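> got a predicted structure here, sequence first:
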Amino acid sequence: MSQNLRWQKSSYSAGDSDNDCLEIAATPTTLCLRESDHPTTLLTPTPTALRALLTELKSAGRS
């Protein structure tokens, strides 16, 4: 992506010097995800795919 993105860390990040966390950034048309220890690899899921991912992660946390 050519534009400067404003990345925000997940609230589940430990907040210490360990950089293993999920970061998210939004543009007017896209939601971008990246892992902080691989910042050049971006995921840009469709809303449907992101909803499915979040639903699966939430259900996995309840088991």
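Received, thanks. Residues are numbered from 1 along each chain as shown.
> what is the neighbour count of Leu31?
Per other CB atoms under 10 Å, the neighbour tally for Leu31 reads 14. Quick note: C-beta positions are derived from backbone N, CA and C, even for glycine.
> doesn't Thr48 make contact with it?
No - if you go by CB atoms under 8 Å, Leu31 and Thr48 don't touch, sitting 11.9 Å apart.
> tell me which element Cys32 falls in.
Counting by DSSP states H and E, the element that carries Cys32 is strand 31-35.
> that strand packs against which elements?
In this structure, strand 31-35 packs against strand 22-26, strand 38-43, with contacts taken as 3 or more CB pairs under 8 Å, 6 or more residues apart in numbering; DSSP states H and E.
> list the buried residues of the shortest one.
Of the residues in strand 22-26, those with enough neighbours to count as buried (16 or more other CB atoms under 10 Å) are 23, 25.
> part of a strand, is Asp20?
No - the assignment for Asp20 by DSSP: H, G, I helix; E, B strand; the rest coil gives coil, which leaves it out of any strand.
> distance of Thr55 from Thr44?
Summarising the geometry, the distance separating Thr55 from Thr44, computed by CB to CB, to the nearest Å, is 19 Å.
> who has more neighbours, these two?
Thr44 (14 against 10).
> just for the chain, where's the confidence low?
For the chain, the stretches flagged by pLDDT under 70 are 1-3, 12-19, 63.
> find the nearest non-adjacent residue to the residue positioned nearest the centre of it, please.
Against the mean C-alpha coordinate of the chain, by CA atoms, centre = their mean, the closest residue is Leu33 at 3.3 Å. Spatial nearest neighbour of Leu33, chain neighbours left out: Leu43 (4.3 Å); criterion: CB to CB, 6 or more residues apart in numbering.
> over to Thr40?
Once flanking residues are discounted, Thr40 sits nearest to Arg34: 8.0 Å by CB to CB, 6+ apart.
> what about the one you found, distance to Cys21?
Using CB to CB, one gets 10 Å for the distance from Arg34 to Cys21.
> when these two are compared, which one has more neighbours?
Residue environment comparison for Arg34 versus Cys21 gives the larger neighbour count to Arg34, 19 against 16, counting by other CB under 10 Å.
> centre of the chain versus stretch 36-55, how much separation?
Average the C-alpha atoms of stretch 36-55, do the same for its chain, and the two points are 6 Å apart (CA atoms, centre = their mean, to the nearest Å).
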